[in-house]
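Undergrad: 3D, please:
(one chain, ligands or ions: 1)
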Amino acid sequence: MKVPASLSTIGWHAVYRLIGALFVAFLLGLVTGRMALSLALVLLIYACIQIRNMVLVDRWLRFRRVLPPPDISGPWGEIVAIVNRIYLRKQYHRARVTELMREFRQLTTAMPEGAVLLGPENEILWFNSRAGEWLGLKRKRDFGMRIENLVRHPDFVEYVRTGKPEGGVVVHDIGQGGSRWLAFHIVRSDTAVRQLLIVRDVSREKQLEAMRKDFVANASHELRSPLTVISGYLDALAEEEKLDPAWKEPVLEMRRQTERMNMIVNDLLELSKFEADDTPREDQPIDIGGLLTLLRKEALQLEERPRNIRVTLETDALLLGSESELHSIVSNLLSNAIKYTPAHGEIELRWWIDDEGAHLSVRDTGVGIAPEHIPRLTERFYRVDAGRARSLGGSGLGLAIVKHALQRHDGTLRIESKEGQGSTFTCDFPPHRIVPRKQQATGG
Ligand code: ADP
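TA: Now for the predicted structure:
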């Protein structure tokens with residue numbers, strides 16, 4: 001802020017008053033004929049008034065909590081008015097902040113979530129009672145302690161240190177929290193040095209999710225046997241020569257629909273298997289090049305398929321993972337590419353590695369997908385064009401299976417697509433899953 005060098009109104013008032021006093025002294029000198037004495041006398045009175053005002057202001061400044069502002073006129077009065085205004089404004093803001101803090105404390109105590117305020121080094125600055133209860137934190141004792149030294153779950157420690165995964169972590173049974181499922185999310189801002197850790201009890205959601213998974217798995221399992229019996233009878237009926245010709249077409253349609261139901265049930269079972277099974281599998285180095293070549297060969301046997309299906313292998317590295325799950329990923333992506341690409345189109349399966357890790361992509365020159373659908377494609381039963389997907393025999397679960405299987409390999413699915421031009425589905429795997437072939441040869 002630029003401070004002007006010129007005199008303020010108060011300054012000018014002081015100057016005018018001094019000139020006035022000097023003028024009075026001059027007149028008095030003329031009347032009395034003793035100019036020097038008059039001047040000295042007036043200046044002495046003037047100085048006394050200034051000292052009195054200064055003493056009054058000083059006293060008020062020191063005891064302004066109890067004393068009213070002094071009633072002074074002139075420049076000193078104006079200074080008192082300015083200081084008083086600043087003081088009242090400060091008092092008002094202080095009262096507001098105190099009131100806000102009181103309400104904030106009341107609200108955070110009533111909040112169903114836990115909240116912990118952390119410093120730049122993750123040291124605990126403040127927490128509400130819910131966070132204290134769930135994380136076993138004690139006021140005074142734990143203030144200033146780093147939170148990762150008190151809540152030691154590895155996923156939590158990793159999240160607090162790296163901020164990853166971005167959506168936060170859900171942790172089960174962290175000791176003090178009992179058998180709760182707690183979801184942690186850190187709120188940071190670019191400008192603030194402090195961070196807010198929000199803790200939510202998601203045990204109920206977890207329980208409902210487990211019930212849903214169980215239900216889907218059990219229902220799919222139960223549907224399997226009756227479906228097998230029905231399709232057996234329908235197969236026999238379709239081949240029955242004595243069947244009334246009027247029944248021929250309905251029976252064939254029933255058989256097609258039963259096949260679809262079978263496919264949906266199988267996909268549902270596969271999906272629930274991935275979801276239910278959190279235990280780490282026996283990871284093996286898998287030859288992705290070989291897998292892509294094999295699946296291409298199988299695809300070439302199909303009658304209805306795009307003319308050109310290529311495999312591009314830019315590395316011979318292997319990928320640590322489960323053969324059946326990786327097979328499921330590629331075959332789902334490839335069968336989609338085949339379904340949504342016309343006969344004159346082409347498909348490329350590509351496998352390569354770079355600094356960021358290993359990548360596997362399935363690119364097609366098919367119908368493509370409009371941008372608004374892309375974020376939702378991996379949802380169960382989400383279809384861009386339900387009629388077309390059904391007529392092409394899709395269960396709507398393929399990409400959900402791919403996503404889950406990828407998650408189990410620490411991988412992610414990237415989808416790029418242009419309507420009418422084609423799509424590329426890329427699976428990205430982290431570097432720690434890459435096994436160079438030489439190492440594999442010496443190791444095994
Ligand atoms: P579906 O069994 O219906 O193919 P998916 O989960 O495999 O189910 O795919 C979901 C939807 O994503 C499909 O219905 C389709 O609309 C779209 N989709 C998937 N792969 C492609 C692709 N290669 N090209 C265009 N659309 C695709």
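Undergrad: and the gap between the closest residue to the ligand within the stretch 51-200 of the chain and residue 159?
TA: Residue nearest to the ligand within the stretch 51-200 of the chain (C-beta to the nearest ligand atom): residue 167, separated by 22.1 Å. From N, CA and C alone the C-beta is placed, and that goes for glycine too. For residue 167, the distance to residue 159 (C-beta to C-beta, to the nearest Å) stands at 10 Å.
Undergrad: tell me which of these two has more neighbours.
TA: residue 159 (22 against 9; other C-beta atoms under 10 Å).
Undergrad: the more buried one in helix, strand or coil?
TA: Secondary structure, DSSP: H, G, I helix; E, B strand; the rest coil: residue 159 is helix.
Undergrad: now it: closest residue in space that isn't a chain neighbour?
TA: residue 169 (4.4 Å; C-beta to C-beta, 6 or more residues apart in numbering).
Undergrad: count the residues that sit near the one you found.
TA: 19.
Undergrad: angles on the backbone of it, please.
TA: Main-chain dihedrals, residue 169, degrees, to the nearest 10: phi -130, psi 150.
Undergrad: isn't it right up against residue 197?
TA: No - contact between residue 169 and residue 197 fails when scored by C-beta atoms under 8 Å: they sit 11.1 Å apart.
Undergrad: what segments of the protein are helices?
TA: Shown for the chain, the helices assigned by DSSP state H span residues 9-32, 35-62, 74-110, 129-135, 147-150, 154-162, 203-239, 245-276, 288-300, 323-339, 386-391, 398-407, 437-443.
Undergrad: and these: which comes nearest residue 361?
TA: Among these, the nearest to residue 361 by C-beta to C-beta is helix 323-339 (8.6 Å).
Undergrad: C-alpha coordinates for that closest one, CSV please?
TA: C-alpha atoms of helix 323-339 as CSV (Å, rounded to 0.1, in the frame of the first residue of the first chain):
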residue,chain,number,x,y,z
GLU,A,323,-3.3,-66.7,-15.9
SER,A,324,-7.1,-67.3,-15.8
GLU,A,325,-7.8,-63.7,-14.8
LEU,A,326,-5.5,-62.2,-17.4
HIS,A,327,-7.1,-64.5,-19.9
SER,A,328,-10.5,-63.3,-18.8
ILE,A,329,-9.4,-59.6,-19.2
VAL,A,330,-8.1,-60.0,-22.8
SER,A,331,-10.9,-62.3,-24.0
ASN,A,332,-13.5,-59.9,-22.7
LEU,A,333,-11.9,-56.9,-24.4
LEU,A,334,-11.2,-58.8,-27.6
SER,A,335,-14.8,-60.2,-27.8
ASN,A,336,-16.2,-56.7,-27.3
ALA,A,337,-13.9,-55.4,-30.1
ILE,A,338,-15.1,-58.2,-32.4
LYS,A,339,-18.7,-57.5,-31.5
